[in-house]
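J.: Sequence and predicted model, in that order:
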Amino acid sequence: MTHVLIATPYRVTTHRSLLDQAATLRREATELAVAAGYIISEAVVCDDAPITPDPEPYARHAGVRNALIADCLRPEHDAVLWVDADLVQYPATIIPRLDAVRRGGIAAPAVYLDKEAPGRWYDTGGFIEIENRHTPVWPPHFLQPGPVVNLLSVGCIYLAPAQIYRDGARYAPASPHVEHWPVMRFAAARGLPIVCDLRLAAYHAYLPDYGEGWHDGRQ
């Protein structure tokens, strides 16, 4: 049986309603995954260090992800589902469906903004098809037709093999990319595919509705 760790880092400033929604989504995903034969663990970790902007974008984000790996990854874990705490919707079947397309590598759904015009991509810096070029905000987002596209990087929510972290993959600032980039390059160097399944959609909160500004990688 495949044992998946659902890893959810969040900021001390994350709105309570977003944390509640994240818990509901995790519970629904856990129930469906267990019914499909998976074993599920959860790690919800708060980045509660003093909020002092780091000069390197995404250094803070990388730090809390690396701390979560160090503190919560266990030998029995086969895969890690990273889930940003400010997602407001994704399919409850996310684990088996991503597992079915990742071919032992890393797989993500499409990630859209929960407000503004339909089809507005959210994580333009995490999803990379062409190096040094962020995903276009408006469709077409990728040159490949899909429904499963091969990428150089994904972000926000994805299923990754736990072994890459045991082998040394870690998050780090990587301008002009976000903190996911070093982990993606580590996986690619080992011949692991990185894909996005456009048939699956996740939605990120419109943060101004929750009293937050847009994250610039320095918060």
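T.: Received, thanks.

J.: need the longest helix for this protein.
T.: If you go by DSSP state H, the chain has its longest helix at helix 16-35.

J.: tell me which residues in stretch 169-188 are buried?
T.: 169-174, 177-188 (16 or more other C-beta atoms under 10 Å). All C-beta spots, glycine's among them, are computed from the backbone N, C-alpha and C.

J.: Quick one: residues in contact with it.
T.: Under the contact criterion C-beta atoms under 8 Å, 6 or more residues apart in numbering, stretch 169-188 has outside partners 56-59, 61-63, 65-66, 69, 105-106, 125-126, 128, 132, 134, 152-155, 160-161, 164, 167-168, 194, 217.

J.: centre of the chain versus that stretch, how much separation?
T.: In terms of C-alpha atoms, centre = their mean, to the nearest Å, the centre of stretch 169-188 is set 12 Å apart from its chain centre.

J.: Sort out for me which of the contacts of stretch 169-188 are in helices.
T.: Of the positions in the contacts of stretch 169-188, 59, 61-63, 65-66, 69, 164 sit in helices, assigned by DSSP H.

J.: just those now: which is nearest Pro139?
T.: Taking C-beta to C-beta as the measure, Pro139 sits nearest to His61 out of these, at 26.7 Å.

J.: Partner strands of the strand ranked longest in the chain, with direction?
T.: In the chain, assigned by DSSP state E, the strand with the most residues is strand 194-204. Next to strand 194-204 in the sheet, as set by DSSP bridges, lie strand 87-89 (antiparallel), strand 106-113 (parallel), strand 148-150 (antiparallel).

J.: The closest residue to Ala160 other than its chain neighbours - how many residues pack around it?
T.: Once flanking residues are discounted, Ala160 sits nearest to Ile106: 4.6 Å by C-beta to C-beta, 6 or more residues apart in numbering. Residues within reach of Ile106, counting by other C-beta atoms under 10 Å, total 28.

J.: Ile106 touches Leu152, doesn't it?
T.: No: Ile106 lies out of contact with Leu152 (C-beta atoms under 8 Å); the separation is 10.7 Å.

J.: anything in contact with each of those two?
T.: With C-beta under 8 Å, 6+ apart as the test, Ile106 and Leu152 both reach 184, 194.

J.: And the next helix or strand after the longest helix of the chain, what's buried?
T.: Next helix or strand after helix 16-35 toward the C-terminus (DSSP states H and E): strand 39-47. Buried residues in strand 39-47, counted by 16+ other C-beta under 10 Å: 40-45, 47.

J.: Low-confidence ranges, the chain, go.
T.: 49-55, 213-219 (pLDDT under 70).

J.: do that again at 90, thanks
T.: 1, 11-13, 46-61, 115-118, 131-132, 175-176, 207-219 (pLDDT under 90).

J.: I'd like the ones in helices among the contacts of stretch 169-188 written out as a markdown table, with neighbour count and distance to Val83 added.
T.: What follows is the ones in helices among the contacts of stretch 169-188, written out as a markdown table (neighbours: other C-beta atoms under 10 Å; distance: C-beta to C-beta, whole Å):
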| residue | neighbour count | distance to Val83 |
| --- | --- | --- |
| Ala59 | 16 | 21 |
| His61 | 24 | 14 |
| Ala62 | 24 | 17 |
| Gly63 | 19 | 18 |
| Arg65 | 24 | 12 |
| Asn66 | 18 | 17 |
| Ile69 | 21 | 14 |
| Ile164 | 20 | 17 |
